[in-house]
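Participant: sequence-free structure coming up:
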């Protein structure tokens, strides 16, 4: 069973699911920019409250967010320790052998971890509440002005949508191949460096072959349905901007304005 939730749509009847995909994509970009403003822990607390409200409104199960966090826990711990031991900012708090821990380093390291957590939460909410086809349509509409300069808007949107759709599939395929190779004696955790490289190669080659096979099957399926890049296409589902989309966009704009103002004042 695939434990990854990134790129997987979660069916639910919530207001977040009903929001226009153009709004959700734009709002995510605005929030990701806002997260990197230094508004202190109060500012991050405000963003965190906003994330909790979105999570509750989306009706997603808590285990979905936890599963999204698990692959990033090691990176968070590594970045926290790395920055704490190497940054030289603020007041000296402790000295452990050749390493010194400063108050500013603790603050900056905590900021990095909080930012990563917020990014994961908002990204998970977007991918879990937006269908891949709606994501494609939203990206196409947002990038449509670039058509005037010859930019292949629809093709790029399709590629992004397909990539998001197949991330969980490739993760599941990787887990399946690892179990198959482990049953044949491959060890991905122990052994010499040469043995680990050999084990990784035994994983990468079948994964690439499987990915190319899936890509070929998808291309054949699209050709059989007379898919032609660049051709004019009509859609049964049309995006409609509703009153709650305006309210949601105003909320995101106010959040961004508050955080930017706090970062300037503080």
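Facilitator: Received it, and whenever you're ready, just let me know what you need. Here the structure is a predicted model, which is why all the values come from computation and not from measurement.
Participant: drop to CA atoms for contacts and neighbour counts, all remaining ones
Facilitator: Fine.
Participant: Per-residue confidence at the closest residue to residue 36 other than its chain neighbours, what does it come out as?
Facilitator: With C-alpha to C-alpha, 6 or more residues apart in numbering as the criterion, residue 36 has its nearest non-adjacent residue at 7.2 Å, and that residue is residue 115. Here the pLDDT value assigned to residue 115 is 91.
Participant: Tell me how many other residues crowd residue 115.
Facilitator: Here the count is done by other C-alpha atoms under 10 Å, and residue 115 has 19 residues near it.
Participant: isn't it right up against residue 34?
Facilitator: No: the criterion here is C-alpha atoms under 8 Å, and residue 115 misses it with residue 34 at 10.0 Å.
Participant: check which helix or strand covers the residue nearest to residue 36.
Facilitator: helix 103-129 (DSSP states H and E).
Participant: And the helix or strand just after that helix, how far out from the chain middle?
Facilitator: Going down the chain from helix 103-129, the next helix or strand is helix 132-143, by DSSP H and E. Taking C-alpha atoms, centre = their mean, to the nearest Å, the mean C-alpha location of helix 132-143 is offset from the chain mean by 16 Å.
Participant: Show me which positions of the helix or strand that helix 132-143 is followed by end up buried.
Facilitator: Using DSSP H and E, the next helix or strand after helix 132-143 towards the C-terminus is helix 153-183. By 16 or more other C-alpha atoms under 10 Å, the buried positions in helix 153-183 come out as 153-154, 157-158, 161-162, 164-178, 181.
Participant: what does stretch 203-219 rub up against?
Facilitator: Stretch 203-219 is contacted by residues 170, 173-174, 177-178, 181 when judged by C-alpha atoms under 8 Å, 6 or more residues apart in numbering.
Participant: I meant to write stretch 142-149 there.
Facilitator: For stretch 142-149, using C-alpha under 8 Å, 6+ apart, the contacting residues are 22, 153.
Participant: What residues of that stretch count as buried?
Facilitator: Those would be 142-143, for stretch 142-149 by 16+ other C-alpha under 10 Å.
Participant: Rounded mean pLDDT for it, please.
Facilitator: Mean predicted confidence for stretch 142-149 is 84.
Participant: Which other helices and strands does the strand or helix carrying residue 258 contact?
Facilitator: Element membership for residue 258 (DSSP H and E) is helix 243-265. Helix 243-265 is packed against helix 21-35, helix 40-58, with contacts defined by 3 or more C-alpha pairs under 8 Å, 6 or more residues apart in numbering; DSSP states H and E.
Participant: Of all those, which one is nearest residue 98?
Facilitator: helix 40-58 (29.6 Å; C-alpha to C-alpha).
Participant: Quick check: buried residues in that closest one?
Facilitator: For helix 40-58, by 16+ other C-alpha under 10 Å, it's 43-44, 47-48, 51, 54-55, 58.
Participant: What confidence value was assigned to the residue of the chain most remote from its centre?
Facilitator: Distance to the chain centre peaks in the chain at residue 97, reaching 38.4 Å (criterion: C-alpha atoms, centre = their mean). Looking at residue 97, its pLDDT stands at 72.
Participant: can you list the domain ranges for the chain.
Facilitator: 13-129+239-263, 142-223 (the TED database).
Participant: Please work out which of the ones you listed is packed deepest.
Facilitator: domain 13-129+239-263 (a mean of 16; mean count of other C-alpha atoms under 10 Å).
Participant: Of the helices and strands packed on helix 243-265, which is nearest residue 137?
Facilitator: Among the helices and strands packed on helix 243-265, if distance is taken as C-alpha to C-alpha, the winner is helix 21-35, at 7.8 Å.
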